[in-house]
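Novice: Quick one: sequence and predicted model below, then my questions.
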Amino acid sequence: MTNPDYLKCPKSDTAIEIRTDEAAEKSPFCKKHCKKKQFLKRSTAPSSTSDKKNAKLQKVMQYAKKTGATEAKIISTIDIVVEEKLANMCLEPRCENYGLSKNCPPHVSGPSQFKKQLENFNQAIVFKIDVPSEILFSSERRELFQLLHEMAAGIEQYAVKMGFKNSKAYAGDSCKKIFCYDHPECLALSEKGKCRNPQYARPSMSGFGINVLKLMETAGLTMNMATHNTDSDEIKMGSVCGLVLIC
Ligand code: SF4
């Protein structure tokens with residue numbers, strides 16, 4: 001057996017051991033066997049810095065599960081699909097929360113800026129919470145999305161604590177409806193300019209055109225699609241999901 005080369009997986013930015021010209025060990029992050037020619041050259045064995053970074057990332061993912069995620073996965077940010085037409089759906093048909101909070105369009109940077117921002121990140125954690133379908137459209141919906149925002153913000157803050165200081169979380173639905181439903185206006189959009197819930201409220205993925213279905217597919221997670229018309233006897237569970245960019 002030849003001595004292993006260590007090359008860098010272009011998708012997950014991890015060091016992969018390669019023992020032959022063709023076959024590679026499976027990347028622990030993108031879960032793919034790559035051919036040697038697909039890897040970026042890396043002359044040395046994985047540094048302890050890289051190992052430590054990967055170990056910390058695993059801890060962040062475990063934290064996501066510990067705090068209530070049904071499932072959480074690490075993905076490469078190059079697999080995040082962003083589409084202008086999805087962001088446009090906040091406006092047409094117009095969402096009842098359009099323009100009402102600092103975290104919703106047109107007050108967020110939108111798809112093109114998000115794509116540029118993604119260039120600063122290599123990896124992300126996608127997580128989902130599965131709940132009985134009837135809860136998604138019941139009076140408990142607000143609490144469910146509140147939990148989603150709190151979990152996304154909690155994972156982001158844990159990532160920061162682990163040294164990923166520029167991590168950024170995204171959730172779903174409008175924080176106006178979730179946190180400030182009994183206030184006439186978003187305080188962050190007012191002259192006072194400060195969010196009432198900076199520790200929990202996060203932007204919704206929709207305003208950036210993030211394709212959530214593809215995100216879940218990439219992460220290998222099943223998205224249980226429940227709508228207002230879903231028969232809860234037929235589709236028993238529905239999913240809500242969040243995204244944390246790690247850097
Ligand atoms: S003040 Fe309320 S509506 Fe405005 S960004 Fe913060 S949580 Fe959202």
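Specialist: Sure thing, it's come through. Just so it is clear, the structure is predicted and the values come from calculations on it, not from any experiment. Residues are numbered from 1 along each chain as shown.

Novice: Average pLDDT for the helix or strand where L213 lies, rounded please.
Specialist: Assigned by DSSP states H and E, L213 belongs to helix 212-219. Helix 212-219 shows a mean pLDDT of 96.

Novice: tell me which strands and helices it is in contact with?
Specialist: Secondary-structure packing of helix 212-219 (3 or more Cβ pairs under 8 Å, 6 or more residues apart in numbering; DSSP states H and E): strand 71-76, strand 123-132, strand 237-246. In short, each C-beta sits where N, CA and C put it, glycine included.

Novice: any idea how far S206 lies from F114?
Specialist: 11 Å (Cβ to Cβ, to the nearest Å).

Novice: where does Y181 fall, phi/psi-wise?
Specialist: Main-chain dihedrals, Y181, degrees, to the nearest 10: phi -60, psi -30.

Novice: Please parse this protein into its domains.
Specialist: According to automatic domain parsing, the chain comprises the domains 1-46, 50-246.

Novice: among these, which is nearest the ligand?
Specialist: Proximity to the ligand (Cβ to the nearest ligand atom) singles out domain 50-246 among these, at 3.1 Å.

Novice: returning to what we had before: ranking the domains of the chain by mean pLDDT, which is last?
Specialist: Note on the domains of the chain: domain 1-46 shows the lowest mean pLDDT, a mean of 55.

Novice: Show me where the protein has its strands.
Specialist: For the chain, the strands defined by DSSP state E cover 5-8, 15-18, 71-76, 123-132, 168-170, 237-246.

Novice: Tell me which strands the fifth one pairs with, and in which orientation.
Specialist: According to DSSP bridges, strand 168-170 forms sheet pairs with strand 237-246 (antiparallel).

Novice: Pull the strand it pairs with out as PDB, backbone CA atoms only.
Specialist: Provided in PDB are the C-alpha atoms of strand 237-246 (Å, rounded to 0.1, in the frame of the first residue of the first chain):
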ATOM      1  CA  MET A 237     -45.700  15.400  10.200                       C
ATOM      2  CA  GLY A 238     -44.600  18.800   8.900                       C
ATOM      3  CA  SER A 239     -41.200  20.300   9.000                       C
ATOM      4  CA  VAL A 240     -39.800  23.800   9.600                       C
ATOM      5  CA  CYS A 241     -36.100  24.500   9.000                       C
ATOM      6  CA  GLY A 242     -33.200  26.900   9.700                       C
ATOM      7  CA  LEU A 243     -29.800  27.600   8.300                       C
ATOM      8  CA  VAL A 244     -26.600  28.800  10.100                       C
ATOM      9  CA  LEU A 245     -23.600  29.900   8.000                       C
ATOM     10  CA  ILE A 246     -20.400  29.000   9.800                       C
END
